[in-house]
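**Student:** Fold the stuff below for me.
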Amino acid sequence: MYVIRLPNGNLLVPESATAHDGRLVSDAYVEIGPDDEDYEKFAACALTQEEMDERAQRWREGDEPLRRQFLDFLARDGQISQSD
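**Tutor:** Below is the predicted model:
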């Protein structure tokens with residue numbers, strides 16, 4: 001999870017919710033503003049939504065050759081070709 005900088009300057013910061021016995025229940029985001037004591041620490045690594053979208057697009061583009069190779073594998077009924 002990443003720290004996301006909102007257009008209003010606030011940050012969405014990941015936070016985990018745990019049960020009384022310490023088990024992880026869920027992950028969520030909480031919004032903090034410049035008056036929060038941890039704001040500066042989180043702001044240093046925060047990404048805008050546009051930066052997050054650009055990263056996701058690069059990941060998808062980078063995954064395309066692997067996706068094509070997997071689809072080719074499936075087209076061969078899961079048989080590994082001699083060139084793999």
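**Student:** next one: the one helix or strand Phe70 maps to to chain centre, how far?
**Tutor:** Counting by DSSP states H and E, the element that carries Phe70 is helix 49-75. Taking CA atoms, centre = their mean, to the nearest Å, the mean C-alpha location of helix 49-75 is offset from the chain mean by 14 Å.
**Student:** now do stretch 20-30
**Tutor:** Here the centre of stretch 20-30 is set off from its chain's centre by 18 Å, with CA atoms, centre = their mean.
**Student:** Would you mind checking the average pLDDT for the helix holding Phe70?
**Tutor:** The pLDDT scores in helix 49-75 average 87.
**Student:** Show me which residues of it are buried.
**Tutor:** Buried residues in helix 49-75, defined by neighbour count with 16 or more other CB atoms under 10 Å: none. C-betas here are computed from N, CA, C, even on glycine.
**Student:** Check stretch 9-17 too.
**Tutor:** Per 16+ other CB under 10 Å, stretch 9-17 contains these buried residues: 10-13.
**Student:** And for stretch 22-39?
**Tutor:** Buried residues in stretch 22-39 (16+ other CB under 10 Å): 32, 36, 39.
**Student:** Convert the C-alpha atoms of it to PDB, please.
**Tutor:** Once non-C-alpha atoms are left out, stretch 22-39 reads as follows in PDB (Å, rounded to 0.1, in the frame of the first residue of the first chain):
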ATOM      1  CA  GLY A  22      -3.100  -9.500  17.200                       C
ATOM      2  CA  ARG A  23      -4.500 -11.100  14.000                       C
ATOM      3  CA  LEU A  24      -4.700  -8.800  11.000                       C
ATOM      4  CA  VAL A  25      -8.400  -8.000  10.200                       C
ATOM      5  CA  SER A  26      -8.000  -5.600   7.300                       C
ATOM      6  CA  ASP A  27      -6.000  -2.900   5.700                       C
ATOM      7  CA  ALA A  28      -7.500   0.500   5.100                       C
ATOM      8  CA  TYR A  29      -6.600   4.100   4.300                       C
ATOM      9  CA  VAL A  30      -7.100   7.000   6.700                       C
ATOM     10  CA  GLU A  31      -6.900  10.600   5.700                       C
ATOM     11  CA  ILE A  32      -4.500  12.900   7.600                       C
ATOM     12  CA  GLY A  33      -3.800  16.600   7.200                       C
ATOM     13  CA  PRO A  34      -0.800  18.900   7.700                       C
ATOM     14  CA  ASP A  35      -1.600  19.200  11.400                       C
ATOM     15  CA  ASP A  36      -1.000  15.500  12.000                       C
ATOM     16  CA  GLU A  37       2.300  14.800  13.700                       C
ATOM     17  CA  ASP A  38       3.300  12.200  11.100                       C
ATOM     18  CA  TYR A  39       2.300  14.300   8.100                       C
END
